[in-house]
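# need a structure here:
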Amino acid sequence: MEVSKLANGITVVTESKSSLGCSMAIFSATGSRLESADTHGATHFLQHLAFKATEGKSHFGMTRAVEKLGGHVACGASRDCLTYAGECLSSNAGKLFGLMAETFTSPRLDKLDMDNARALVMADIQNTIKNGSFAVQDVLHTVAYQGETLGAPLMCSPQTAEVMTGDIISQFKSANFGAGKVVVSGTGIEHARLVEYVEANLGEMAKGSPSRMTPAKYVGGDCRVPSDPGQVHVAIGVQGVDCSDKEVVAAAVLQSLLGGGDQFSAGGPGKGLTSRIFRNVLSNPEVLTATSFNVSYQDTGLFGIQATCNAQDAPKTVALLTRELAGLKSGISAEELERAKNMTASSLFLNLETMGIVTEDLGRQTMYYGKRKDGATVAAEIKAVTAGQLVALASKMLASNVSVAAYGDVAFVPSYPEIAAALK
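Below is the predicted model:
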């Protein structure tokens with residue numbers, strides 16, 4: 001792995017990989033957590049303005065330019081980051097990176113462009129309403145952080161989408177974009193070449209004085225959002241660990257131990273069917289899906305279980321979820337521990353076989369820590385995890401205020417005091 005820092009503050013990180021193709025990504029630490037009341041929804045719109053029209057190209061021109069290179073491009077917006085990614089033959093890397101930098105720095109913000117992005121944003125909103133599993137996580141973040149920082153909605157609201165303008169996007173970019181917040185990562189491309197491409201296309205980007213990130217404060221609480229009758233999606237979470245916490249690997253092993261899936265999962269031990277949730281929760285026909293989650297950010301995290309069931313089965317489903325979470329404090333067998341560690345390690349190395357994931361891992365770790373742990377280092381940390389360490393971590397997390405989110409037919413979901421009491 002090689003790392004360079006340009007004069008304007010952009011960090012470039014690469015990992016050599018013998019391949020005819022390459023993967024590159026531009027990471028900007030400017031997610032929805034930085035949006036104000038005035039700029040809410042800006043990152044969602046930027047996601048859909050990416051690789052469309054720019055100040056120098058039409059939408060058709062950008063699309064044709066990417067196609068001529070045989071490239072594949074994508075943009076993703078999260079709570080803490082905007083990512084512009086691209087893959088192509090290594091010989092076309094310079095031209096594709098130029099297109100990535102162009103759409104990152106100068107998307108066109110005319111009324112036509114905003115209207116086109118608006119249609120895509122509204123489609124996302126409609127899809128989310130139908131996707132209860134995604135919606136309940138958004139509700140959970142809102143209640144866990146009381147609507148501030150990481151609790152700000154990941155997606156633009158319909159009311160804001162209707163009135164979003166290019167001026168608001170420009171305001172958000174001016175306040176939050178800066179070279180000092182940018183990491184460029186690449187796999188399958190020589191380090192010196194990528195540094196050359198970054199200097200040529202982003203070297204003049206102002207370092208800026210981006211607004212300081214307000215630390216997220218975990219609070220906890222209860223929020224239920226009524227929606228279509230029939231089914232309900234429930235998430236129960238507690239304060240997890242942040243990305244730099246010494247227990248971040250242990251939290252990943254704890255998630256593997258809980259596991260999850262749905263009633264239609266098929267396979268053997270390697271597919272998680274011996275995990276606690278599958279054996280103790282999904283073995284009950286009332287529970288349609290149940291899975292553990294472990295989300296880490298720069299300054300905090302969320303850990304817990306979410307599930308889907310028919311509305312009238314909510315009391316039993318919630319009881320099963322709280323039993324599994326509380327049970328983490330009671331001890332872990334040697335067999336369970338070894339299986340969870342093996343599953344975590346195998347998932348790690350399976351993901352690192354994919355060039356795009358390696359590129360993302362390079363960028364995100366550099367953005368969060370200023371360095372990157374390779375697979376062998378993380379595997380050694382996984383191997384060193386002990387049962388006592390997991391029990392202590394679970395006890396610490398469960399001592400925090402519980403966060404409860406429900407989305408759908410919420411009438412039968414037990415009260416917040418009942419859920420909180422069951423975890424003590």
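# Every contact and neighbour count from this point should use C-alpha atoms.
Noted.
# contact partners of the helix or strand in which V183 is found?
Assigned by DSSP states H and E, V183 belongs to strand 182-187. Residues outside strand 182-187 that contact it (C-alpha atoms under 8 Å, 6 or more residues apart in numbering): 9-17, 22-29, 194, 198, 355-356, 358-360, 362-363, 366-367.
# Same question for stretch 219-227.
139-140, 143-146, 238, 401-410, 416.
# Which of those residues fall in strands?
For the contacts of stretch 219-227, the ones inside strands are 238, 403-408, with DSSP state E as the criterion.
# Looking at those residues, point me to the pair that's furthest apart.
Looking at the ones in strands among the contacts of stretch 219-227 by C-alpha to C-alpha, the two members farthest from one another are V238 and G408, with 21.4 Å of separation.
# higher neighbour count, these two?
Each of V238 and G408 had its neighbours counted (other C-alpha atoms under 10 Å), and the higher figure belongs to V238 (27 against 24).
# tell me the contacts of that one?
If you count contacts by C-alpha under 8 Å, 6+ apart, V238 has them with 220, 302-304, 397-398, 400-403.
# which phi and psi does the residue lying closest to L82 once chain neighbours are set aside have?
Counting by C-alpha to C-alpha, 6 or more residues apart in numbering, S28 is the residue found nearest to L82 once chain neighbours are left out, at 5.2 Å. Backbone torsions for S28, taken as degrees, to the nearest 10, come to phi -120, psi 120.
# okay but S28 is in contact with R79, surely?
No - S28 is beyond contact range of R79, at 11.4 Å (criterion: C-alpha atoms under 8 Å).
# Comparing the two, which residue is more hemmed in?
Between S28 and R79, S28 has the larger neighbour count (other C-alpha under 10 Å), namely 26 against 21.
# Next one: that one from G260, what distance?
32 Å (C-alpha to C-alpha, to the nearest Å).
# Now do the buried residues in stretch 60-78.
When neighbours are counted by 16 or more other C-alpha atoms under 10 Å, the buried residues of stretch 60-78 are found to be 62-63, 65-66, 69, 71, 73, 75-78.
# I125: which of those residues is nearest?
Checking those against I125 with C-alpha to C-alpha, the nearest one is A77 at 14.3 Å.
# wait, isn't that closest one in contact with G41?
No - counting by C-alpha under 8 Å, A77 does not reach G41; the two are 10.5 Å apart.
# Who are the contact partners of the most centrally placed residue in the chain?
Averaging the C-alpha coordinates of the chain gives a centre point, and the residue nearest to it by C-alpha atoms, centre = their mean is S78 (5.8 Å). For S78, the contact set (C-alpha under 8 Å, 6+ apart) comprises 31-32, 154.
# Centre of the chain to the lengthiest helix in the chain, how far?
Residue-count comparison of every helix in the chain, with assignments taken from DSSP state H, identifies helix 111-130 as the longest. On the basis of C-alpha atoms, centre = their mean, to the nearest Å, the separation between the geometric centre of helix 111-130 and that of its chain is 20 Å.
# where does the closest residue to Q171 other than its chain neighbours land in three-state SS?
What sits nearest to Q171 in space, not counting adjacent residues and going by C-alpha to C-alpha, 6+ apart, is T39, at 7.5 Å. Taken by DSSP: H, G, I helix; E, B strand; the rest coil, the conformation at T39 corresponds to coil.
# Pull the number of nearby residues for T39.
Neighbour tally, T39, other C-alpha under 10 Å: 21.
# State the distance from the nearest residue to G41 once chain neighbours are set aside to M164.
Nearest residue to G41 in three dimensions, chain neighbours excluded: C156, at 4.1 Å (C-alpha to C-alpha, 6+ apart). Taking C-alpha to C-alpha as the measure, C156 and M164 are separated by 10 Å.
# what sits in contact with each of those two?
What both C156 and M164 touch, as defined by C-alpha under 8 Å, 6+ apart, is the set G41.
# what about K111, neighbour count?
12.
# Pull out the buried positions in the host helix or strand of L325.
Element membership for L325 (DSSP H and E) is helix 314-327. Applying a neighbour-count criterion of 16+ other C-alpha under 10 Å, one finds 314, 316-322, 324-325, 327 buried in helix 314-327.
# quick one: which helix or strand includes E418?
Short version, using DSSP H and E: E418 is in helix 416-422.
# And for A252?
Counting by DSSP H and E, the element that carries A252 is helix 248-258.
# list the helices and strands that helix packs on?
The criterion is 3 or more C-alpha pairs under 8 Å, 6 or more residues apart in numbering; DSSP states H and E, and the helices and strands that helix 248-258 contacts are helix 276-280, strand 287-296, helix 334-351, helix 375-383, helix 387-398.
# Could you list the residues in contact with it?
By C-alpha under 8 Å, 6+ apart, the list of residues contacting helix 248-258 from outside reads 240-242, 272, 275-277, 291-294, 324, 336-337, 339-341, 343-344, 378, 381-382, 385, 389-390, 393.
# and the angle from that helix to helix 375-383?
60 degrees (axes from the mean of the first three to the mean of the last three C-alpha atoms, to 10 degrees).
# Please export the C-alpha coordinates of helix 248-258 as CSV.
Listed in CSV are the C-alpha atoms of helix 248-258, where the atom choice follows Å, rounded to 0.1, in the frame of the first residue of the first chain:
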residue,chain,number,x,y,z
VAL,A,248,-14.6,-2.6,16.8
VAL,A,249,-13.4,-6.1,15.7
ALA,A,250,-15.1,-7.7,18.7
ALA,A,251,-18.3,-6.0,17.8
ALA,A,252,-18.1,-7.5,14.3
VAL,A,253,-17.6,-11.0,15.9
LEU,A,254,-20.6,-10.4,18.2
GLN,A,255,-22.7,-9.6,15.1
SER,A,256,-21.6,-12.8,13.4
LEU,A,257,-22.5,-14.7,16.5
LEU,A,258,-26.1,-13.3,16.4
